[in-house]
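> Fold the following, please.
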Amino acid sequence: MTEKQEQKLVKQLINQVHVTNGGVPRRIKYVETKGLWYTQMADKSKIYAKTEDGLYRKLFTVYGLTVCDTSIRGVFESALAEKSRTENNNESTIKRYRYSFDRFISKEMAGKDIRNISKSDLKAHTQEMVNRLHPKKKAFLTYKGLLNLIFGYAVEYDIIPANPVSVIQNAVYLKSCDTKTATPEEKILSEAEIGTVKATVRKYMEYKRYHGYFINGYAILFSIETGVRIGEIPALKWEDVYANYIHIHAQQLYHERPAGKEYYYVPWTKDEKGISRGGRKYPLTDAIKAILTELRDLQEQLGIRSEYIFCHENGDWIKKDAYVTCLRRLMKSLSMPVINNHAFRMSLNSNVLIGKCDLPVTERARLLGHSVETNLRHYSFAGKDNMNELQTLLNQQVSPWSHQNLVKFRIKKSPESTKFKAL
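Numbering: from 1, shown residues only. This next block holds a predicted model:
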């Protein structure tokens, strides 16, 4: 590595670690009275040097850093550290990058020096990867994003002269990918399947192992009726329930810690991307109200006190990972075609919001908390096993030439609701 390249990389590495507790880079400045460059460490000690580069070198030694790791993995770790420090990424995003790296980059490739990777090497690795994994199109694009992260960082810090990822033409490699479009049956549950899930949850509630309090079961029933995201379930509070709607405006996130995950509450939903815009409201239907009333009564009987709706017997909110595990096991035990919470969200949109209510896409998107484009492209399918309903609907159609007596009713608007006192 040339001296100029090394100096640039040294500064970048120092800027990642030489920060305050709040993650703000510590000041490095020139003191004219002393003719020296200066900075302060976390323990309040001071470090001086005659030149700025000299000060960075001293800090480099103090922090025990090295610039010799120009392997694919080494550059990836440096790029990921900078992304984590400079962008508003949560820890699950960083975790996904690590998962993608381990999935798509072979151990042999990860150990190679990035400066010696030719365009031919990159194309050969890509072809080997798609032949071995046959990833979905979306996964393949994730792989390309990972390559751009690694090689783009190497270009920015003069480790390599140009980004070779442009030689990876999608059309060439998608031939070896799994580009089959999933059918609606593979994405959503029928009303009969939903009924089976509900009945199974009710059966589980009688099991001794739950001691009469199957809280994840209540969360599953609630998710089926509302289509909430996983992280939104544990963040819901009783104060978010009103007379005719539920205010969904927060989610549960977590930090990775050496001792395990540390969960925390944030006042925004996934689609708001870190900036609260007031969340969304979902109508308090009779079915939802019945679930919440039953749960509230049970908690009062057991002496459970918590601001959170879905809480353990000690009042602590449930963890979304535990909910996911519980749901997956339940769905697998029933041999369901899909086993994730997202299936409830998509099924509600297709079976109920479209199939029964015939809501316009703008209303469906508003209720589920995403864009109109997202609802149309990824959520809107014909209901499963709906031939009987279609037959009945078509048989009931009235000829457009027949005489009809049309009566228009005036819709009376109700004032803003008060808090849901019944709970």
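> Provide the contact partners of the strand or helix carrying residue 60 at residue level.
Using DSSP states H and E, residue 60 maps to helix 52-62. Outside helix 52-62, the residues within contact range by Cβ atoms under 8 Å, 6 or more residues apart in numbering are 7, 10-11, 13-14, 18, 28, 30, 37-39, 41, 47-49. No exception for glycine: its C-beta is placed from N, CA and C like everyone else's.
> List the buried residues in that helix.
Within helix 52-62, the residues that count as buried by 16 or more other Cβ atoms under 10 Å are 55, 56, 58, 59, 60.
> Turn those into TSV, columns for distance to residue 267 and pLDDT.
As requested, the buried residues of helix 52-62 are exported to TSV (distance: Cβ to Cβ, whole Å; pLDDT from 0 to 100):
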residue	distance to residue 267	pLDDT
55	41	90
56	40	88
58	43	88
59	38	88
60	40	82
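> Quick one: neighbours of residue 196, just the number.
Look at residue 196: counted by other Cβ atoms under 10 Å, it has 15 neighbours.
> Which pLDDT value belongs to it?
Listed pLDDT for residue 196 reads 95.
> about what we covered before: next structured bit after the helix holding residue 60?
That would be, after helix 52-62 and using DSSP H and E, helix 72-86.
> Return the distance of that following helix from the chain's centre.
20 Å (Cα atoms, centre = their mean, to the nearest Å).
> What residues of it count as buried?
So, applying 16+ other Cβ under 10 Å, buried residues of helix 72-86: 72, 73, 74, 75, 76, 78, 79, 80, 81, 82, 84.
> Identify the residues contacting the third one.
By Cβ under 8 Å, 6+ apart, the contact list for residue 74 is empty.
> Would you mind measuring the gap between the ends of stretch 177-194?
32 Å (Cα to Cα, to the nearest Å).
> mind putting the buried residues of helix 72-86 in a markdown table, pLDDT and distance to residue 248 included?
Shown next, in a markdown table, are these (pLDDT from 0 to 100; distance: Cβ to Cβ, whole Å):
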| residue | pLDDT | distance to residue 248 |
| --- | --- | --- |
| 72 | 94 | 42 |
| 73 | 91 | 40 |
| 74 | 87 | 43 |
| 75 | 90 | 41 |
| 76 | 93 | 36 |
| 78 | 85 | 39 |
| 79 | 88 | 35 |
| 80 | 88 | 32 |
| 81 | 81 | 34 |
| 82 | 80 | 34 |
| 84 | 79 | 28 |
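> Format these as a markdown table; extra columns: distance to residue 104.
Shown next, in a markdown table, are the buried residues of helix 72-86 (distance: Cβ to Cβ, whole Å):
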| residue | distance to residue 104 |
| --- | --- |
| 72 | 11 |
| 73 | 12 |
| 74 | 17 |
| 75 | 15 |
| 76 | 11 |
| 78 | 18 |
| 79 | 15 |
| 80 | 14 |
| 81 | 20 |
| 82 | 20 |
| 84 | 20 |
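> Looking at the residues you listed, spot the one nearest residue 133.
residue 72 (17.6 Å; Cβ to Cβ).
> Can you say which helix or strand has the closest residue to residue 78 other than its chain neighbours in it?
In this structure, residue 78 finds its nearest non-sequential neighbour in residue 153, 6.5 Å apart by Cβ to Cβ, 6 or more residues apart in numbering. Using DSSP H and E, residue 153 falls within helix 137-156.
> Show me what that helix is packed up against.
Applying 3 or more Cβ pairs under 8 Å, 6 or more residues apart in numbering; DSSP states H and E, one finds that helix 137-156 contacts helix 72-86, helix 91-104, helix 119-133, helix 170-174.
> Kindly recompute the last result at 7 Å.
Judged by 3 or more Cβ pairs under 7 Å, 6 or more residues apart in numbering; DSSP states H and E, helix 137-156 is in contact with helix 72-86, helix 91-104, helix 170-174.
> what sits up against it?
72, 75-76, 78-79, 82, 97, 100-101, 104, 114, 129-130, 160, 162-165, 168, 173-174, 177, 179 (Cβ atoms under 7 Å, 6 or more residues apart in numbering).
> among those residues, which ones are buried?
Buried among the contacts of helix 137-156 (16+ other Cβ under 10 Å): 72, 75-76, 78-79, 82, 97, 100-101, 104, 114, 129-130, 160, 163-165, 168, 173, 177.
> where do the strands sit along the stretch 201-350 of the chain?
245-248, 251-257, 260-266, 280-283 (DSSP state E, counting those that start in this stretch).
> Format the ones you listed as a markdown table; extra columns: distance to residue 197, mean pLDDT and mean neighbour count.
Listed next are the strands of the stretch 201-350 of the chain as a markdown table, based on distance: least, Cβ to Cβ, whole Å; pLDDT from 0 to 100; neighbours: other Cβ atoms under 10 Å:
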| stretch | distance to residue 197 | mean pLDDT | mean neighbour count |
| --- | --- | --- | --- |
| strand 245-248 | 21 | 96 | 20 |
| strand 251-257 | 23 | 89 | 16 |
| strand 260-266 | 26 | 91 | 13 |
| strand 280-283 | 20 | 94 | 17 |
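> Determine which of the ones you listed approaches residue 215 most closely.
strand 251-257 (14.4 Å).
> What is the closest one packed up against?
helix 91-104, helix 232-235, strand 260-266.
> Partner strands of it and their direction?
strand 260-266 (antiparallel) (DSSP bridges).
> which of the residues in stretch 334-352 are buried?
336-339, 341-352.
> where along the stretch 251-400 of the chain do the helices fall?
286-301, 320-333, 342-347, 361-368, 372-374, 387-395 (DSSP state H, counting those that start in this stretch).
> okay but residue 126 is in contact with residue 167, surely?
No. Residue 126 sits out of contact with residue 167 when judged by Cβ atoms under 7 Å, with a separation of 9.1 Å.
> Looking at those two, which is more packed in?
Neighbours of residue 126 and residue 167, each counted by other Cβ under 10 Å, are more numerous for residue 126; the result is 22 against 13.
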